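**Q** no sequence on this one, just coordinates:
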């Protein structure tokens, strides 16, 4: 029996909203936190699979948002192990158990951005500050997760990220020099999607030199994922602003690291960029030793060969008998055929004056 997935939406909402509010006893804190973590995982998966239907009711969306903010800022009841007097606002010293609840809550934030698309821009105003706070954590996992969440939200809310361009750009540029490779990789990806979707073009272009200087070491690192995301970032920059990029300087370094080794999703912008360059420019913008340039040169030679062959064929066609000489076409042809058969040299057609050499097959 086939059952529609949407039949389970009220059940998912009921579990999420009721369970998070009712497990409040101090003695059940550990169990409660594990339950919250699992509910977060289920809700994130449901949002990504079903879209906005799960949160169509504004009241439900408001409840979910409030719970997520409480979890991310460590103010939810399941996170208060040490009494109300304990200051839990600091990000330092987050336990692994605490982090699971926060990490899965951040995944729900991504799920909301997927479900709501560009309309998520309004909710981002609420989530931006608490999410960005983790990007300054002393823990590398928290930093990389925060930057990754920012990147996914930018990608999903698209142009609605524009008001946050300046503050996000500063944070992400700083994280591109992070000591943690995963954080740097996520920052490169986030920069790429930010400049792709932000409508604050002037702010983005003003920072192009800084972005490129940060990307250069990532393109030369031994970390495959860093290289792949840096390549994706450069490709998105060229796609969005081809005339503002030093293509002849950047492209050789990019081509050298192809094919991508780990983050294969970045193949899409990379090869879109290559196709666009081949359409917009000639092969002089490509490295002479690159497979792309060699292919274009070979293609150019093939086209030249076809052109010359065509000219030769045209010459041969023009020196052959005109169409009206082929086959019987009346008295004029008959007389010309008789002269040709008699061996007369250079028999002339009475219709057009074309001369045929003696012994030729056609007049």
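**A** Sure thing, it's come through. Predicted model, so just to flag it, every value in this text is computed and none were measured.

**Q** low-scoring stretches of the protein, by residue?
**A** Applying pLDDT under 70 to the chain picks out residues 1-31, 81-94, 281-363.

**Q** which residues in it form strands?
**A** For the chain, the strands defined by DSSP state E cover 347-348, 355-356.

**Q** right, and residue 132 touches residue 153 too?
**A** No - counting by C-beta atoms under 8 Å, residue 132 stays clear of residue 153, with 10.8 Å between them. Any C-beta I mention is one placed from the backbone N, CA and C, and that applies to glycine too.

**Q** Same drill for the two, tell me which one is more crowded.
**A** Neighbours per residue (other C-beta atoms under 10 Å) separate residue 132 from residue 153, with residue 153 holding more: 28 against 17.

**Q** Helices of the stretch 151-300 of the chain, start to end?
**A** Assigned by DSSP state H, counting those that start in this stretch, the helices in the stretch 151-300 of the chain fall at 165-175, 181-197, 201-206, 208-220, 224-240, 247-256, 267-280, 291-319.

**Q** Out of the ones you listed, which is closest to residue 118?
**A** Closest to residue 118 of the helices of the stretch 151-300 of the chain is helix 181-197 (C-beta to C-beta; 9.6 Å).

**Q** the inter-axis angle of that closest one versus helix 267-280?
**A** Per axes from the mean of the first three to the mean of the last three C-alpha atoms, to 10 degrees, the angle that helix 181-197 makes with helix 267-280 is 40 degrees.

**Q** Can you work out which other helices and strands pack against helix 181-197?
**A** helix 140-157, helix 165-175, helix 208-220, helix 224-240 (3 or more C-beta pairs under 8 Å, 6 or more residues apart in numbering; DSSP states H and E).

**Q** Which positions in that helix come out as buried?
**A** Across helix 181-197, burial judged by 16 or more other C-beta atoms under 10 Å covers 181-197.

**Q** How about stretch 42-55?
**A** Residues of stretch 42-55 classed as buried by neighbour count (16+ other C-beta under 10 Å): 43-44, 46-48, 50-51, 54-55.

**Q** Also stretch 122-139?
**A** Per 16+ other C-beta under 10 Å, stretch 122-139 contains these buried residues: 123-124, 127-128, 130-132, 134-135, 137.

**Q** which one of those residues is nearest residue 162?
**A** Distance to residue 162, by C-beta to C-beta, is smallest for residue 124 among those, at 11.1 Å.

**Q** Run through the residues that contact that closest one.
**A** Residue 124 makes contacts with 113, 153, 157, 160-161, 164, as judged by C-beta atoms under 8 Å, 6 or more residues apart in numbering.

**Q** can you list the domain ranges for this protein.
**A** Segmentation of the chain into domains, based on automatic domain parsing, reads 9-20+32-79+97-114, 137-285.

**Q** any idea how far the closest residue to residue 149 other than its chain neighbours is from residue 198?
**A** Counting by C-beta to C-beta, 6 or more residues apart in numbering, residue 149 lies nearest to residue 106, which is 4.9 Å off, once chain neighbours are set aside. Distance, residue 106 to residue 198, by C-beta to C-beta, to the nearest Å: 22 Å.

**Q** now do residue 145
**A** 22 Å.

**Q** So for residue 201, what's the nearest residue that isn't a sequence neighbour?
**A** residue 241 (7.9 Å).

**Q** Take the helices of the stretch 151-300 of the chain and lay them out in JSON lines including distance to residue 73.
**A** Formatted as JSON lines, the helices of the stretch 151-300 of the chain follow (distance: least, C-beta to C-beta, whole Å):
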{"stretch": "helix 165-175", "distance to residue 73": "18"}
{"stretch": "helix 181-197", "distance to residue 73": "21"}
{"stretch": "helix 201-206", "distance to residue 73": "29"}
{"stretch": "helix 208-220", "distance to residue 73": "30"}
{"stretch": "helix 224-240", "distance to residue 73": "29"}
{"stretch": "helix 247-256", "distance to residue 73": "40"}
{"stretch": "helix 267-280", "distance to residue 73": "34"}
{"stretch": "helix 291-319", "distance to residue 73": "49"}
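
**Q** In stretch 203-218, which residues are buried?
**A** Going by 16+ other C-beta under 10 Å, stretch 203-218 has these buried residues: 204, 207, 211-212, 214-215, 218.

**Q** Could I get these in a markdown table, plus columns for distance to residue 260?
**A** A markdown table is the format used below for the buried residues of stretch 203-218 (distance: C-beta to C-beta, whole Å):
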| residue | distance to residue 260 |
| --- | --- |
| 204 | 24 |
| 207 | 25 |
| 211 | 20 |
| 212 | 19 |
| 214 | 19 |
| 215 | 15 |
| 218 | 13 |
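
**Q** Quick check: of those, which lies closest to residue 250?
**A** residue 212 (7.1 Å).
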